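Undergrad: need a 3D model of the following:
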Amino acid sequence: MPPTIVDKSRRNDRWAARLITAGGLFVIVAVIGILLLIAKVSLPLFYSPTADKLAAVPPEFASLLSAEPATAVQQVDLEEKGSVSARLLPDNRIELQRRLVERDILGTEKVSELKETLADPLPGAISAFRLGRNGQNLYAATANGWLLRWDISEQQARLADTVQAFKDQRRITALTTVMGEYSLAVGDEKGQITTWMPVRTPGAGEDKHLALIHTLPGFSTPVVRLLPSPRDKSLAAFDGQGTIRMVHMTSERLLLELKAGGPVVAAAFADRGRKLLVAGADGVSQAWELSIPHPETSLKTLFGKVWYEGYNKPEYVWQSSAATDDFEPKLSLVPLIFGTFKATLFAMLFAAPLALLGALYTSQFMSPGLKGKIKPAVEIMAAVPSVVVGFLAGLWLAPLMDHNLLALFMTLVLVPTLIMLAIFAWRPLAENTDFGRGMKGYEFIGLLPVVALGIWLAGQIAPPLEAAFFAGDLKQWLFSTLGVRYDQRNSIIIAIALGFAVIPIIFTIAEDALSNVPRNLTAASLALGASRWQTAWRVVLPSALPGVFSAVMIGFGRAVGETMIVLMATGNTPITSWSLFNGLRSLSANIAVEIPEAPIYGTLYRTLFLSAVLLFVLTFIINTAAELLRQRFRKKYGRY
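TA: Here you go, the predicted model:
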């Protein structure tokens, strides 16, 4: 060969190597850049809050700095319904006074005043009390560590709770209700800050009683004042030396610590909780501008069990919005991670056996002519848009399964049984008749009527069985007997729909790997007397195992990142249950559902970007593990 041609070929090879290397590096840089972009948006969730001291108290906010209401008297206004006031009497009793305003259809007002003295026996001297801002509850604390709650929503006050908060009988020094009026914040003489809320207890029926829910970062000296934020579940706690601690009830975070320089006699939030104003005993007022964008976020609230208001125990909860202004977002990512793995696992349990066994049969047993038609047909399945698959699964398959649930279970039993019986009946025909030998490579066509027969029989047998053993309604029997609720869009639907989308990928890659095993290996195995099945199982499959494993892992990655099928074929319920009959919500589907409604740079917005980071990291880990295992398989089975 002329030297010029050789030199040109080498030159072209060098340029090709450089271009391929540059392309690979560009892909790596692009992927890292995407990760850094989404991580940059989510990282502020974990930034520390800040506070800037203002040079002077704004004049428009100065009127907010009124002294704390006297311990002996408190009053709350109920908008246009009147007002409620409470007064501590010298004999350790509380007097309630209600001023009720009623309007008839003509707008005429009728004002009535009711006065009531609470004469319930008390476990100690009252050291603090607090009227709920909605006028529904009255709380009191004693000098020996007891908490009391009266329900004052009716005309006659009712003592609903008497709880020994601290067995060491420490003095309770401060009370306030947290935004939403459901939780009570308690400060004591040891500097501890706790929050309590009504929960159902065993044996109490429907009644709820105060229980300790959260313990917050406190002081080493007594708490003298608690001030709830009007913006969220945060509190400003004060000690006697002028130290101020901003804490969040649900996340149990210490957000900020401020120094007033001396005892505080009055305090208020302004600008919807963005500014904190205090007045000292020396008459000097101070103000801070607070920057606390994500007080409810911590590793615990994102990945741990949290005891939220209205729940009877700590749980993993995702609930980003509600109809009330005092709603607290619940942004646990655990139900979404769980839902992602659950959908992927069930889909792979459905798809992987079918795809791998189909690929093994197609590559080793099917006739070449039929293989040339079947394989392209399966590959075309991958071209079906996932939105179409999700649409059909949600609107056609789910109602169909809802009406034929027992028939589905019967199909899972009857179809494999009939196939095995048909195979045993076929073997003598295949070995001893010309017809059987002529069907070699086309055996699966003969099984199609068997599958159809099994499905038909299941549909015929299921109704009488359901009437005889399940009172005519299997779903109701599951709920009443086993306590299992059946959702129409459930994990079974997800397994079938998502499996349908994954099968073509696994089948194509696995079939290529199996077909590329050198023919001399199979010929040698057959020549030594091995059957076709023994050759396929003992020789072909081990040789192609790295490719088969890659097919499964690529299918797994495809299932993890799928959005539209999971979004449309399930009820998008973020729960942690392994039940086949319940729905789920995956990370990808959650991003698609929530991102249009997420305020930009808000907590939900950044949490969704954190979800994207988790998906990215999850995919990276899966692909890395798959490649390491594939390389290990190549070394182990390289001798083939």
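
Undergrad: residue ranges for the helices of the stretch 351-500 of the chain, please.
TA: Assigned by DSSP state H, counting those that start in this stretch, the stretch 351-500 of the chain shows helices spanning 368-381, 386-392, 398-403, 405-432, 434-438, 443-469, 474-482, 491-515.

Undergrad: distance of G555 from G561?
TA: Distance of G555 to G561, given as Cβ to Cβ, to the nearest Å: 11 Å. Heads up, the C-betas are built off the backbone N, CA and C, glycines and all.

Undergrad: in terms of neighbours, single out the busier of those two.
TA: Each of G555 and G561 has its neighbours counted (other Cβ atoms under 10 Å); G555 has more, 27 against 17.

Undergrad: how close does E116 sit to I126?
TA: 16 Å.

Undergrad: more neighbours: which of these two?
TA: Using other Cβ under 10 Å as the criterion, E116 and I126 rank with I126 on top: 19 against 14.

Undergrad: identify the spatial nearest neighbour of the more buried one, chain neighbours not counted.
TA: A140 (5.2 Å; Cβ to Cβ, 6 or more residues apart in numbering).

Undergrad: right, and the one you found touches A125 too?
TA: No - taking Cβ atoms under 8 Å as the definition, A140 is not a contact partner of A125, at 10.4 Å.

Undergrad: more neighbours: which of those two?
TA: Comparing A140 with A125 by other Cβ under 10 Å, the one with more neighbours is A140, at 24 against 10.

Undergrad: let's verify that one: helix, strand, or coil?
TA: For A140, the assignment made with DSSP: H, G, I helix; E, B strand; the rest coil gives strand.

Undergrad: show me what it is bridged to.
TA: Using DSSP bridges, the bridge partners assigned to A140 are F129, L148.

Undergrad: what's the distance between it and W146?
TA: With the distance defined as Cβ to Cβ, A140 ends up 9 Å from W146.

Undergrad: same check, this time on L226
TA: Using Cβ to Cβ, one obtains 18 Å as the distance from L226 to W146.

Undergrad: tell me which of the two has more neighbours.
TA: Taking L226 and W146 together and counting by other Cβ under 10 Å, L226 has the greater number of neighbours (24 against 21).

Undergrad: tell me the confidence at that one?
TA: The confidence metric pLDDT takes the value 94 at L226.

Undergrad: now for the helices of the stretch 351-500 of the chain, which one comes closest to G187?
TA: Proximity to G187 (Cβ to Cβ) singles out helix 474-482 among those, at 46.1 Å.

Undergrad: buried ones in that closest one?
TA: Buried residues in helix 474-482, counting neighbours by 16 or more other Cβ atoms under 10 Å, are found at L474, K475, W477, L478.

Undergrad: what score does the third one have for pLDDT?
TA: Put plainly, it is W477. For W477, pLDDT reads 87.

Undergrad: so who does it touch?
TA: Under the criterion of Cβ atoms under 8 Å, 6 or more residues apart in numbering, the neighbours of W477 are F470, A471.

Undergrad: returning to what we had before: now the buried residues of helix 474-482 as TSV including distance to A569?
TA: Shown next, in TSV, are the buried residues of helix 474-482 (distance: Cβ to Cβ, whole Å):
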residue	distance to A569
L474	21
K475	18
W477	25
L478	21
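
Undergrad: H248: which of those is nearest?
TA: The closest of the buried residues of helix 474-482 to H248 turns out to be L478 (Cβ to Cβ; 41.2 Å).

Undergrad: let me know the secondary structure of the residue lying closest to W146 once chain neighbours are set aside.
TA: Counting by Cβ to Cβ, 6+ apart, W146 lies nearest to P123, which is 4.5 Å off, once chain neighbours are set aside. The three-state assignment at P123 reads coil, by three-state DSSP.

Undergrad: what's P123 sitting at in phi/psi?
TA: phi -80, psi 0 (degrees, to the nearest 10).

Undergrad: check G571 too.
TA: Main-chain dihedrals, G571, degrees, to the nearest 10: phi -80, psi 0.

Undergrad: surely it touches R489?
TA: Yes - with contacts counted by Cβ under 8 Å, G571 reaches R489, the gap being 4.6 Å.
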